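Trainee: how does the following fold in three dimensions:
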Amino acid sequence: MATAAKKDTVWIGFMDIVPVIGAVREAVELVLALYEGNKAVIKEKEKAVENLVKESLKKHGKLTTLRDKPPPAPAAAADEFSGLRNVREVRMEMIIEYVVKGSKKGTKPPISVEQKAREKRVEAIKKDMLEKIRIIKPDFNQELEEQLKRSRRGEHVFNNDILRFHSKVLTEFIQRHSINNRQGYNQQAMNDLGRHTLTQNTANEIQTNMVVHFGEDEFYVNANGVMYGEYCRALRDAMLDLLGHINPVNVTPVDRERVNTIIGDMNNLEIYVDQLAKVSWIANTATKRTRFDNVRQEVVHMYHTGRGVDWCIRILNEVSTFV
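Mentor: Residues are numbered from 1 along each chain as shown. Okay, the predicted model is just below:
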């Protein structure tokens, strides 16, 4: 049955820090349940409020009997930190004091049905991310959270670092082994080897055109930044170890296979692609799907052929001409 407050009291609950005040406990709890998206409690409290309306049409004597009954316990279906667990009967003269204290304390923000669904998506993306990263780093573990702050530049479908990765690897190799101090060092030749092999159109697609600006209310998790970062570190280390032989004759089949395996995984798993940005950007549009496939094909070829093991050997062959 519905529980009405005594004449000199009210029922108070909180939607986080916002007070909900009413003469009937179940009415206050219904508002809180609607705010928190608790369907089980909503159904229960709607029935209670409906009964209250019916009871209000009955004689005053029966209402008095109802008021004399002790208030029911909070809804069993309420979550641990739900505002439904903190609905209290407060005397009229204490309302302001209670509201001030309750508003300062607040409750844990309710987890709505939508929020729970978003959390499940985060967990699914995290699971996929960990499975892919653990191929190259079995003990890897990292938490993942939904991104609430949006980047001004937007989210790139293809990681923008694709355009600079090989140049950075070559620069680190040159610095690590002081290649630029060798007699006959050819800076132009190194610059040419450090450039990506993509067409200008494809570079523009990656850098400028294939970018998504997610709205503040849209779901987004930057899992690609984590995955791409781990794979780039692994590929960089593998390439630098191979290049560290200096003499191309000393490069072993193990060195080659290590580089090829990482590149193969990056291409097969689209490690350099932000999957959420990809889906949003393509948006089931055939022309955009074709543009994506064209760019991906060029990127795959660059990593595997243009800037793979053979690229490393070309660098060493060039270095061998420096006395």
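Trainee: where along this protein do the strands fall?
Mentor: Along the chain, the segments classed as strands by DSSP state E run 9-15, 18-22, 88-91, 155-156, 211-212.
Trainee: does anything pack onto the fourth one? Which helices or strands?
Mentor: On a contact count with 3 or more C-beta pairs under 8 Å, 6 or more residues apart in numbering; DSSP states H and E, strand 155-156 meets strand 211-212, helix 275-282. Just so you know, the C-beta spots here come from the backbone N, C-alpha and C atoms, and that holds for glycine as well.
Trainee: okay, those in JSON lines with mean neighbour count next?
Mentor: As requested, the helices and strands packed on strand 155-156 are arranged in JSON lines below (neighbours: other C-beta atoms under 10 Å):
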{"stretch": "strand 211-212", "mean neighbour count": "18"}
{"stretch": "helix 275-282", "mean neighbour count": "19"}
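Trainee: minimum distance to residue 88: which of those has it?
Mentor: helix 275-282 (43.3 Å; C-beta to C-beta).
Trainee: let me know the average pLDDT across the closest one.
Mentor: Across helix 275-282, the average pLDDT comes to 95.
Trainee: just how off-centre is that helix within its chain?
Mentor: Relative to its chain's centre, helix 275-282 lies at 14 Å (C-alpha atoms, centre = their mean, to the nearest Å).
Trainee: which outside residues touch it?
Mentor: 125, 155-157, 210-212, 214, 218-221, 223-224, 288-289, 292 (C-beta atoms under 8 Å, 6 or more residues apart in numbering).
Trainee: the residue most central in space within the chain and residue 144: what is the separation?
Mentor: The chain has residue 221 as the residue nearest its centroid, 1.9 Å off, counting by C-alpha atoms, centre = their mean. Separation of residue 221 from residue 144 (C-beta to C-beta, to the nearest Å): 6 Å.
Trainee: what touches both of those two?
Mentor: Common neighbours of residue 221 and residue 144 (C-beta under 8 Å, 6+ apart) are 122, 125.
Trainee: can you turn the buried part of the contacts of helix 275-282 into a ChimeraX selection?
Mentor: To isolate the buried ones among these in ChimeraX, judged by 16 or more other C-beta atoms under 10 Å, type:
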select :125,155,156,157,210,211,212,214,219,220,221,223,224,288,292
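Trainee: and residue 167, which of the strands of the chain is closest to it?
Mentor: strand 155-156 (17.8 Å).
Trainee: my guess is residue 241 meets residue 255, correct?
Mentor: Yes: using C-beta atoms under 8 Å, residue 241 is in contact with residue 255, at 6.5 Å.
Trainee: the more surrounded of the two?
Mentor: Neighbours per residue (other C-beta atoms under 10 Å) separate residue 241 from residue 255, with residue 255 holding more: 19 against 15.
Trainee: list the contacts for residue 264?
Mentor: By C-beta under 8 Å, 6+ apart, the residues touching residue 264 are residue 304.
Trainee: so what's the residue count around residue 293?
Mentor: Residue 293 has 11 nearby residues by other C-beta under 10 Å.
Trainee: and what of the one 5 residues further on?
Mentor: Residues near residue 298, counting by other C-beta under 10 Å, number 20.
Trainee: who are the contact partners of it?
Mentor: Applying C-beta under 8 Å, 6+ apart, the residues near residue 298 are 198, 199, 202.
Trainee: state the distance from the closest residue to residue 155 other than its chain neighbours to residue 196.
Mentor: Distances taken as C-beta to C-beta, 6 or more residues apart in numbering put residue 277 closest to residue 155, at 4.3 Å, once the chain neighbours are dropped. For residue 277, the distance to residue 196 (C-beta to C-beta) stands at 20 Å.
Trainee: repeat that for residue 139.
Mentor: From residue 139 to residue 196 the distance is 32 Å (C-beta to C-beta).
Trainee: those two: which has the busier surroundings?
Mentor: In terms of neighbours (other C-beta under 10 Å), residue 196 is the more surrounded of residue 139 and residue 196; the figures are 19 against 5.
Trainee: neighbours around the nearest residue to the more buried one once chain neighbours are set aside, how many?
Mentor: In space, and not counting its chain neighbours, residue 196 is closest to residue 163: 5.4 Å by C-beta to C-beta, 6+ apart. Look at residue 163: counted by other C-beta under 10 Å, it has 16 neighbours.
Trainee: wait, residue 163 sits on residue 208?
Mentor: No: using C-beta under 8 Å as the test, residue 163 is too far from residue 208 to be in contact (11.1 Å).
Trainee: where does the protein have low pLDDT?
Mentor: Within the chain, the ranges that satisfy pLDDT under 70 run 1-7, 56-85, 102-112, 146-150.
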